[in-house]
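Undergrad: this is a predicted model, with the sequence first.
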Amino acid sequence: MAGFSWISGTLALLLIAGNCVAAVDQNQLAQLVNEIWGKYKINRMFSLAASIPEKKNMNQQYDAKQVFSNENGEEVKMEIKRGNVFNKGRIVAATPLKKKDKTGKDTHAEYRVLQNFDTFINNNDDKAHDLLLFYVLGSPCYDQCTNESDELNILRFLDQIKKWKHYAFVFTYIFKSKTSNQSTQKQRREALEKIGIRLGLENIFRCEMSGDRMQCSSCSAKKQVADYCVLYPDEEPDSNQRQPPTIPNVPGNNANQAIASSSQRGLDNGNRNDVSTGGRDNGGDNGSSRCSGGGNRLLNCLRNCFRCIRRGRSLERNAANMK
């Protein structure tokens with residue numbers, strides 16, 4: 001009976017682990033976002049999508065050198081600063097277009113990138129193994145980006161991202177409108193919820209610099225939007241939005257690492273004045289490879305599932321009672 005107990009407990013823990021990890025390892029994602037910051041970041045709002053190939057014979061380890069370089073970095077920045085969309089090879093990038101659309105509104109950067117995905121999709125064949133990294137400097141807004149009734153919303157384009165088996169939607173700063181009633185805490189949360197419905201919250205991350213290091217945290221906390229991804233500095237969650245207590249840090253689990261506080265930073269972006277936050281324990285779901293396959297992949301998954309294993313302790317105790 002002891003053997004049955006051990007097997008039952010192990011299987012239960014593996015099943016839990018398989019359902020609680022994100023599509024991308026957060027440490028690896030931080031390295032990729034750091035490449036974007038180092039080579040493509042400009043001093044205003046921008047968005048960039050890249051299809052990053054797997055390293056040869058290394059499952060879900062991605063080769064940034066095949067995509068990001070100082071040479072194409074200068075080319076991309078020059079093109080998007082002119083107001084054009086860069087769309088070549090494995091990269092598509094854009095800045096907002098100021099009130100030139102027939103609606104009289106700014107066309108946001110992420111909308112322009114997604115609008116040009118057709119060519120981008122055709123240029124990148126290995127969608128079963130590449131990582132699609134969709135980056136936008138500020139989180140998508142509620143009033144336009146995630147408003148189904150607005151013709152410039154991005155929601156209707158997000159299925160294009162899912163043509164890749166592995167993908168991550170990443171931002172750094174939290175959206176703040178000059179009009180306060182367009183960026184309430186509830187609206188910020190709902191905006192990410194709508195994206196999460198389409199892409200999965202476990203595939204949405206916030207990445208920002210902490211000292212001289214880029215750090216990424218999941219925007220999924222117990223299947224809800226993590227506070228870290230919606231709250232401004234020193235802002236408390238609304239009483240009806242408070243999340244369950246987070247699981248304490250455990251060695252090897254970087255999801256609960258505190259992110260160093262950042263001062264408020266405004267971006268030169270018209271009505272999209274995005275602000276960063278920091279210093280909050282988001283309790284996010286830890287990112288790692290999915291728990292399928294065997295060997296090193298499974299081992300890496302288990303190493304990044306301390307949170308999930310703690311949740312499974314009750315199952316373990318139940319199994320022990322069967323001895």
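TA: Ah, there it is.
Undergrad: burial count for A168?
TA: 29 (other C-beta atoms under 10 Å). C-beta: built from backbone N, CA, C; applies to glycine.
Undergrad: surely it is in contact with E202?
TA: No: between A168 and E202 there is no contact under C-beta atoms under 8 Å: 9.7 Å.
Undergrad: poorly predicted segments of the stretch 101-250 of the chain, please.
TA: By pLDDT under 70, the weakly predicted segments of the stretch 101-250 of the chain are 101-103, 239-250.
Undergrad: all strands of it, in order?
TA: For the stretch 101-250 of the chain, the strands defined by DSSP state E, counting those that start in this stretch occupy 131-138, 166-173, 204-210, 213-218, 220-221, 224-225.
Undergrad: closest to E79 out of those strands?
TA: Among those, the nearest to E79 by C-beta to C-beta is strand 131-138 (16.4 Å).
Undergrad: alpha carbons of that closest one, as CSV, please.
TA: In CSV, the C-alpha atoms belonging to strand 131-138 read as follows (Å, rounded to 0.1, in the frame of the first residue of the first chain):
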residue,chain,number,x,y,z
LEU,A,131,8.6,31.7,-29.4
LEU,A,132,6.4,34.6,-30.4
LEU,A,133,7.4,37.4,-28.1
PHE,A,134,4.9,40.3,-28.3
TYR,A,135,6.2,43.3,-26.4
VAL,A,136,4.6,46.7,-25.8
LEU,A,137,6.2,49.3,-23.6
GLY,A,138,2.9,50.2,-21.8
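Undergrad: which stretches of the protein form helices?
TA: Using DSSP state H, the helices of the chain run over 2-18, 26-39, 70-81, 109-115, 117-123, 185-199, 295-303, 306-311, 313-321.
Undergrad: picking up where we left off before, now render the strands of the stretch 101-250 of the chain as a markdown table, adding distance to N70.
TA: Below are the strands of the stretch 101-250 of the chain laid out as a markdown table (distance: least, C-beta to C-beta, whole Å):
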| stretch | distance to N70 |
| --- | --- |
| strand 131-138 | 18 |
| strand 166-173 | 21 |
| strand 204-210 | 19 |
| strand 213-218 | 18 |
| strand 220-221 | 34 |
| strand 224-225 | 36 |
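Undergrad: for R188, find the nearest of those.
TA: In terms of C-beta to C-beta, the element of the strands of the stretch 101-250 of the chain nearest to R188 is strand 224-225, at 8.5 Å.
Undergrad: so what secondary structure elements neighbour that closest one?
TA: helix 185-199 (3 or more C-beta pairs under 8 Å, 6 or more residues apart in numbering; DSSP states H and E).
Undergrad: burial count for N122?
TA: Using other C-beta under 10 Å, N122 has 8 other residues around it.
Undergrad: revised request: answer the last question for Y167.
TA: Y167 is flanked by 22 other residues according to other C-beta under 10 Å.
Undergrad: need the nearest residue in space to it, chain neighbours excluded.
TA: L132 (4.0 Å; C-beta to C-beta, 6 or more residues apart in numbering).
Undergrad: was I right about A128 contacting K165?
TA: Yes: here A128 lies in contact with K165, judged by C-beta under 8 Å, at a distance of 5.1 Å.
Undergrad: which of those two has more neighbours?
TA: Legend: neighbour count by other C-beta under 10 Å for A128 and K165, higher for K165 (15 against 9).
Undergrad: list the residues that contact the more buried one.
TA: Contact analysis of K165 by C-beta atoms under 8 Å, 6 or more residues apart in numbering lists K127, A128, H129.
Undergrad: circling back to that earlier point, what about the residue nearest to Y167, distance to N147?
TA: Distance, L132 to N147, by C-beta to C-beta, to the nearest Å: 24 Å.
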